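Participant: missing the sequence, but the structure's below:
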């Protein structure tokens, strides 16, 4: 394969993500042939997509991806993409090495470019971790001439939640009786003992026991209050006591003498009046 842009390899650190581009300032030439090997750590894989290939003219120029460190010379791969927006064209590599190849037919103008999003993820499984957060601003060059990666470095979160594996465990219920079973199919609680086994040797008692085992029936309680009990209140007298005179009738009370009115209050004496019990003559003699 004729290689105009140089074959190169770049190690992508775990927890990084960014964009794969041909060049920072300019696009690829009209007859570009470019191969780049993308590597990561052994416990990581590469997720590719979505892709923005609108700067590529139609489908005369194509992007190829193949697993491992290959040359992608035959171009007979399912993962081939050309012009337009590929929002849902995402895939994950099977290993930690992925090869990208750019093939231009030489009939287009120069300065065509592409932008492909990538992300380094842990291998799915109990040892995989969870990556969180993206720090944008670092550009890494992949090609000797111009192929590059627009990268967003990101540190692996030390306190991020671990990725857990979902595992389905079949569980069989125990100790539960199903009403759909027949009595012969029902599990026994103590299968080692027969129903007639009596470990303590206690006498068996038929159920229900005879009526003699119960206390005799008590007579019903007497009515309350008893008929022989004294009345709650004393009876009203049939006649007034002998020393009590009945009040007069209403007509008689109107004709009865009324009590005299009370005497008027004493009037105060004038200042020059003699003391009570002394006449005016005795008052003058004494003076």
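Facilitator: Alright, I've got the coordinates. Model, not experiment: these values are computed from the prediction.

Participant: Per-residue confidence at the residue nearest to residue 26 when sequence neighbours are not counted, what does it come out as?
Facilitator: Excluding the flanking residues, the one nearest residue 26 by Cβ to Cβ, 6 or more residues apart in numbering is residue 111, at 5.3 Å. No exception for glycine: its C-beta is placed from N, CA and C like everyone else's. pLDDT for residue 111: 72.

Participant: what's the burial count for residue 111?
Facilitator: 14 (other Cβ atoms under 10 Å).

Participant: Starting from residue 29, give me the distance back to it.
Facilitator: 8 Å (Cβ to Cβ, to the nearest Å).

Participant: Phi, psi for the closest residue to residue 47 other than its chain neighbours please.
Facilitator: Spatial nearest neighbour of residue 47, excluding adjacent residues (Cβ to Cβ, 6+ apart): residue 119 at 4.6 Å. Note on residue 119: its backbone torsions stand at phi -150, psi 130 [degrees, to the nearest 10].

Participant: Correct me if wrong: residue 119 contacts residue 46.
Facilitator: Yes - using Cβ atoms under 8 Å, residue 119 makes contact with residue 46 at a distance of 7.5 Å.

Participant: ok so, going back, look at the residue nearest to residue 47 and say how many residues are nearby.
Facilitator: Residue 119 has 21 nearby residues by other Cβ under 10 Å.

Participant: tell me the pLDDT at it?
Facilitator: So residue 119 comes in at 94 (pLDDT).

Participant: partner residues bridging it?
Facilitator: Beta bridges link residue 119 to residue 17, residue 47, judged by DSSP bridges.

Participant: what sits against it?
Facilitator: By Cβ atoms under 8 Å, 6 or more residues apart in numbering, the contact set of residue 119 is 16, 17, 46, 47, 131.

Participant: and the residue lying closest to the third one once chain neighbours are set aside, what does it touch?
Facilitator: Spatially, and ignoring its direct neighbours in sequence, residue 46 is nearest to residue 93 (4.4 Å; Cβ to Cβ, 6+ apart). By Cβ under 8 Å, 6+ apart, the contact list for residue 93 reads 45, 46, 47, 48, 67.

Participant: Between which two of the contacts of residue 119 is the distance greatest?
Facilitator: Farthest-apart pair in these is 46 and 131; separation 12.8 Å (Cβ to Cβ).

Participant: Residue 253 in helix, strand or coil?
Facilitator: Recorded secondary structure, residue 253: helix (DSSP: H, G, I helix; E, B strand; the rest coil).

Participant: any low-confidence regions in the stretch 51-200 of the chain?
Facilitator: By pLDDT under 70, the weakly predicted segments of the stretch 51-200 of the chain are 74-77, 108, 110, 126-200.

Participant: Would you mind measuring from residue 101 to residue 124?
Facilitator: Distance from residue 101 to residue 124, by Cβ to Cβ: 27 Å.

Participant: Looking at those two, which one has more neighbours?
Facilitator: Taking neighbours as other Cβ under 10 Å, residue 101 and residue 124 compare with residue 101 leading, 23 against 11.

Participant: Torsion angles phi and psi at residue 53?
Facilitator: According to degrees, to the nearest 10, residue 53 has phi -110, psi 30.

Participant: so how far is residue 45 from it?
Facilitator: 23 Å.

Participant: And for residue 80?
Facilitator: From residue 80 to residue 45 the distance is 20 Å (Cβ to Cβ).

Participant: Neighbour count: these two, which is higher?
Facilitator: For residue 80 versus residue 45, the count of surrounding residues by other Cβ under 10 Å is larger for residue 45: 20 against 16.

Participant: Can you report phi and psi for the residue lying closest to the more buried one once chain neighbours are set aside?
Facilitator: In this structure, residue 45 finds its nearest non-sequential neighbour in residue 93, 5.0 Å apart by Cβ to Cβ, 6+ apart. The phi and psi values for residue 93, taken as degrees, to the nearest 10, are phi -70, psi 150.

Participant: what sits against residue 66?
Facilitator: Residues near residue 66 by Cβ under 8 Å, 6+ apart: 72, 77, 79, 98, 99, 101.

Participant: Emit the ChimeraX select command for whichever of these are buried.
Facilitator: The following ChimeraX line selects those of the contacts of residue 66 that are buried, judged by 16 or more other Cβ atoms under 10 Å:
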select :72,79,98,99,101
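
Participant: mind listing which of the contacts of residue 66 are in helices?
Facilitator: Judged by DSSP state H, those include no members of helices.

Participant: Distance to residue 107 added to the contacts of residue 66, as TSV?
Facilitator: Formatted as TSV, the contacts of residue 66 follow (distance: Cβ to Cβ, whole Å):
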residue	distance to residue 107
72	21
77	22
79	24
98	28
99	25
101	18
